[in-house]
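Asker: Make a model of this:
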Amino acid sequence: MAHAQREALSVPAPEQWAAGAATGGAGYTHGIVNLAFLAETSRCLAQSLDYESTLRTVAGLALPVLGSWCIVDVVEADGSMRRIAVVHPDPGKQALAAGLTESWPPRRDDPIGAPMAIRSRQVEVIPTVDDDMLVGVARDEDNLRILRALGIGSVIVIPLIARGTVLGALTLVSADSGRPYAQCDLDLAEDLGTRCAMAIDNARLHGAARSAGTDVALVNERLLIASIREQELADEAREANLAKTRFLSAMSHELRTPLNAIVGYADLFDLEVAGPLTAGQRAYLARMRASSTHLIRLVDDVLDLARVEAGRSDVRQESAPAAPAISDAVGVVEPQAAARGIAIDLGDGATCSYIGDQDRVRQIIINLLANAVKFTESGGRITVSCGTTIDLDAGAHPGGEGPWVFIRVADTGMGIAEELRESVFEPFVQADQGHTRKQGGTGLGLTISRELARRMGGDLTLQSVQGEGSCFTLWLRSAA
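Answerer: Below is the predicted model:
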């Protein structure tokens with residue numbers, strides 16, 4: 001390709017410019033025109049972020065100053081080139097020039113023009129373009145005819161570079177009958193190219209920011225909708241829990257009324273108000289009273305669970321000794337254990353104090369003892385121990401920081417399989433699964449106990465070996 005460096009151009013000597021300026025000559029006048037041209041192009045480039053239409057305007061402004069016609073090409077994000085404008089000052093030839101926008105697109109292997117400057121990232125100057133060059137770059141005969149008709153003398157191709165990235169190229173073409181480009185033309189063209197590159201870069205950055213802003217706005221809108229929906233679901237869940245609690249409270253009252261009547265009449269029968277009872281009748285009466293008491297306890301468990309899940313089961317946070325709660329709980333369960341031939345041993349360490357609700361702690365220990373009695377065979381043993389530690393068992397996640405009081409209820413019963421150790425804390429689940437369970441109950445005791453423990457800032461954990469026994473540990477904050 002015919003290619004010339006800057007030194008090939010005719011450069012006016014500095015003293016010539018000085019002389020021209022001193023005398024108000026052509027050089028000085030030309031400099032004033034150039035400054036006015038750059039000022040006008042800067043104003044146009046700053047007015048709009050639509051860089052394509054702005055570049056077309058700037059190309060038109062450049063024609064009286066820098067040449068016969070002008071070509072503007074841009075580099076797309078995928079690296080391809082796109083011709084956005086071909087402008088000619090002659091209205092009769094502008095129609096031909098405009099047709100080149102589509103019919104003469106830049107190609108990577110073009111020997112002259114924008115592709116060469118974009119590849120080299122340097123200004124490309126062709127002092128004289130001959131007909132052989134036109135034949136080499138023309139796409140077809142019609143394209144060649146138009147290029148010849150437009151007239152090409154000298155060519156300057158300025159790569160548009162901003163922040164190290166080539167954004168396009170500006171091609172200036174002088175008339176074939178006009179003067180060739182000089183060094184002052186090249187300097188002016190480079191200044192113009194720098195300004196155009198900045199305009200393209202700013203417009204694309206603004207477009208990217210606007211697109212990102214749109215994306216952020218869309219994400220924020222979706223997050224807002226999701227948050228509103230989440231709040232709606234939470235409100236619906238609270239309403240459902242409240243409705244469940246109200247229903248269970250009403251059902252508890254409705255169930256208690258006939259159950260209390262059954263228990264009351266059982267007491268009257270036991271007092272032989274209606275006449276003496278036989279031994280068989282007393283046995284039936286005892287079973288009826290036991291079943292009624294058991295049913296009342298089940299109703300209480302269901303209601304208690306509903307209150308705990310709904311957050312309506314209040315717990316106090318007070319300093320209290322562990323010994324009374326343990327003693328009271330053992331006193332409640334011991335008759336049942338003795339009837340089954342199960343011994344309950346009290347270990348050492350019951351002098352420790354915890355932060356919590358005495359009544360709820362007593363309820364939890366009773367549930368743990370009753371559960372141990374239920375799943376321990378006759379002749380077995382239950383051990384209750386208490387102490388203070390800073391080390392937690394694996395799986396314990398109480399709130400806050402230690403030290404911690406632990407109350408352990410260990411038994412020599414059937415134990416719990418590893419795959420069931422976490423599920424036993426779920427509502428209505430028992431370790432003794434199957435259609436013919438040996439043990440009764442709702443399976444709510446452990447669920448209620450863990451929920452109460454956590455509401456007091458503690459936890460309830462399980463360690464077990466199937467066939468050897470289980471150990472439940474209540475964790476509470478130490479009052480020491």
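Asker: Tell me how far the helix ranked longest in the chain lies from the chain's centre.
Answerer: Ranked by number of residues, the top helix in the chain under DSSP state H is helix 183-270. Relative to its chain's centre, helix 183-270 lies at 11 Å (CA atoms, centre = their mean, to the nearest Å).
Asker: That one packs against which elements?
Answerer: If you count contacts as 3 or more CB pairs under 8 Å, 6 or more residues apart in numbering; DSSP states H and E, helix 183-270 packs onto helix 26-47, helix 51-66, strand 155-162, strand 165-173, helix 279-309. The C-beta positions use only the backbone N, C-alpha and C, and glycine is treated the same way.
Asker: List the strands paired with the third one, with their directions.
Answerer: In this case it means strand 155-162. When pairing is defined by DSSP bridges, strand 155-162 lines up against strand 124-126 (antiparallel), strand 165-173 (antiparallel).
Asker: domain ranges for the chain?
Answerer: 6-209, 218-308, 316-478 (automatic domain parsing).
Asker: State the distance from Glu426 to Ser291.
Answerer: From Glu426 over to Ser291 the distance is 26 Å, taken as CB to CB, to the nearest Å.
Asker: The residue nearest to the spatial centre of the chain and Leu420, how far apart?
Answerer: Centroid-nearest residue in the chain, with CA atoms, centre = their mean: Leu223, separated by 9.6 Å. If you measure Leu223 against Leu420 using CB to CB, the figure is 40 Å.
Asker: Same question for Val361.
Answerer: Distance from Val361 to Leu420, by CB to CB: 26 Å.
Asker: what do you get for Glu377?
Answerer: 19 Å.
Asker: More neighbours: which of these two?
Answerer: Between Glu377 and Leu420, counted using other CB atoms under 10 Å, Leu420 has the larger neighbour count: 18 against 12.
Asker: tell me the mean pLDDT over stretch 83-94?
Answerer: Average pLDDT, stretch 83-94: 79.
Asker: Can you give me the buried ones in it?
Answerer: For stretch 83-94, the neighbour count (16 or more other CB atoms under 10 Å) marks Arg83, Ile84, Ala85, Val86, Val87, His88, Pro89, Lys93, Gln94 as buried.
Asker: now, among those, which is nearest to Ile365?
Answerer: For the buried residues of stretch 83-94, the residue nearest Ile365 by CB to CB is Ile84; the value is 83.4 Å.
Asker: Confirm that closest one sits in a strand?
Answerer: Yes - under DSSP: H, G, I helix; E, B strand; the rest coil, Ile84 falls within a strand.
Asker: For the strands paired with strand 155-162, give me CSV that also has distance to Tyr284 and mean pLDDT.
Answerer: Shown next, in CSV, are these (distance: least, CB to CB, whole Å; pLDDT from 0 to 100):
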stretch, distance to Tyr284, mean pLDDT
strand 124-126, 113, 84
strand 165-173, 96, 85
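Asker: Mean neighbour count and distance to Val330 added to those strands, as a markdown table?
Answerer: Shown next, in a markdown table, are those (neighbours: other CB atoms under 10 Å; distance: least, CB to CB, whole Å):
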| stretch | mean neighbour count | distance to Val330 |
| --- | --- | --- |
| strand 124-126 | 24 | 99 |
| strand 165-173 | 24 | 81 |
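Asker: For Arg381, find the nearest of these.
Answerer: strand 165-173 (81.2 Å).
Asker: got the angle for the closest one vs helix 183-270?
Answerer: Angle, strand 165-173 to helix 183-270, by axes from the mean of the first three to the mean of the last three CA atoms, to 10 degrees: 150 degrees.
Asker: any weak-confidence spans in the stretch 301-450 of the chain?
Answerer: Along the stretch 301-450 of the chain, segments meeting pLDDT under 70 span 305-313, 348-350, 427-443.
Asker: where exactly do the strands run in it?
Answerer: Applying DSSP state E, counting those that start in this stretch to the stretch 301-450 of the chain gives strands spanning 318-321, 343-346, 353-356, 381-389, 404-411.
Asker: Nearest to Glu451, out of those strands?
Answerer: strand 353-356 (13.5 Å).
Asker: now for the closest one, which elements pack on it?
Answerer: For strand 353-356, the packing partners by 3+ CB pairs under 8 Å, 6+ apart are strand 318-321, strand 469-478.
Asker: Can you add distance to Asp187 and mean neighbour count and give those back as TSV?
Answerer: TSV is the format used below for the helices and strands packed on strand 353-356 (distance: least, CB to CB, whole Å; neighbours: other CB atoms under 10 Å):
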stretch	distance to Asp187	mean neighbour count
strand 318-321	88	15
strand 469-478	81	24
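Asker: As CSV, those strands with distance to Val58 would be great.
Answerer: Formatted as CSV, the helices and strands packed on strand 353-356 follow (distance: least, CB to CB, whole Å):
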stretch, distance to Val58
strand 318-321, 82
strand 469-478, 75
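Asker: who wins for proximity to Leu295 among these?
Answerer: Of all these, strand 469-478 comes closest under CB to CB, at 25.6 Å.
Asker: So what angle separates the directions of the closest one and strand 381-389?
Answerer: 30 degrees.
Asker: Can you spell out which helices and strands pack onto strand 469-478?
Answerer: Other elements packing on strand 469-478 under the criterion 3+ CB pairs under 8 Å, 6+ apart are strand 353-356, helix 358-374, strand 404-411, helix 445-455, strand 459-465.
Asker: Direction included, what does it pair against?
Answerer: Looking at strand 469-478 with DSSP bridges, its partner strands are strand 353-356 (antiparallel), strand 404-411 (antiparallel), strand 459-465 (antiparallel).
Asker: for the last one, what is the average pLDDT?
Answerer: Confidence over strand 459-465, taken as the mean pLDDT, stands at 90.
Asker: which parts of that strand are buried?
Answerer: Asp459, Leu460, Thr461, Leu462, Gln463, Ser464.
Asker: can you list contacts of it?
Answerer: With CB atoms under 8 Å, 6 or more residues apart in numbering as the test, strand 459-465 has contacts from 364, 393, 395-398, 415-416, 421, 424-425, 446, 449-450, 453-454, 470-475.
Asker: do the same with the first one
Answerer: Strand 353-356 is contacted by residues 315-322, 361, 405, 456-458, 476-480 when judged by CB under 8 Å, 6+ apart.
Asker: And Ile32, what's its pLDDT?
Answerer: For Ile32, the predicted pLDDT is 53.
Asker: Equivalent analysis for the one 5 residues further on, please.
Answerer: What the model reports for Phe37 is a pLDDT of 65.
Asker: What number of residues are in the vicinity of Arg455?
Answerer: 18.
Asker: Quick check, it in contact with Arg316.
Answerer: No - the pair Arg455 / Arg316 is not scored as a contact, 10.5 Å apart, by CB atoms under 8 Å.
Asker: Please identify every residue contacting each of those two.
Answerer: Common contacts of Arg455 and Arg316, defined by CB under 8 Å, 6+ apart, comprise Arg360.
Asker: follow-up on the earlier one: Arg107 is nearest to which of the helices and strands packed on strand 353-356?
Answerer: For Arg107, the closest of the helices and strands packed on strand 353-356 is strand 469-478, at 76.9 Å, according to CB to CB.
Asker: what angle separates that closest one from helix 445-455?
Answerer: 20 degrees.
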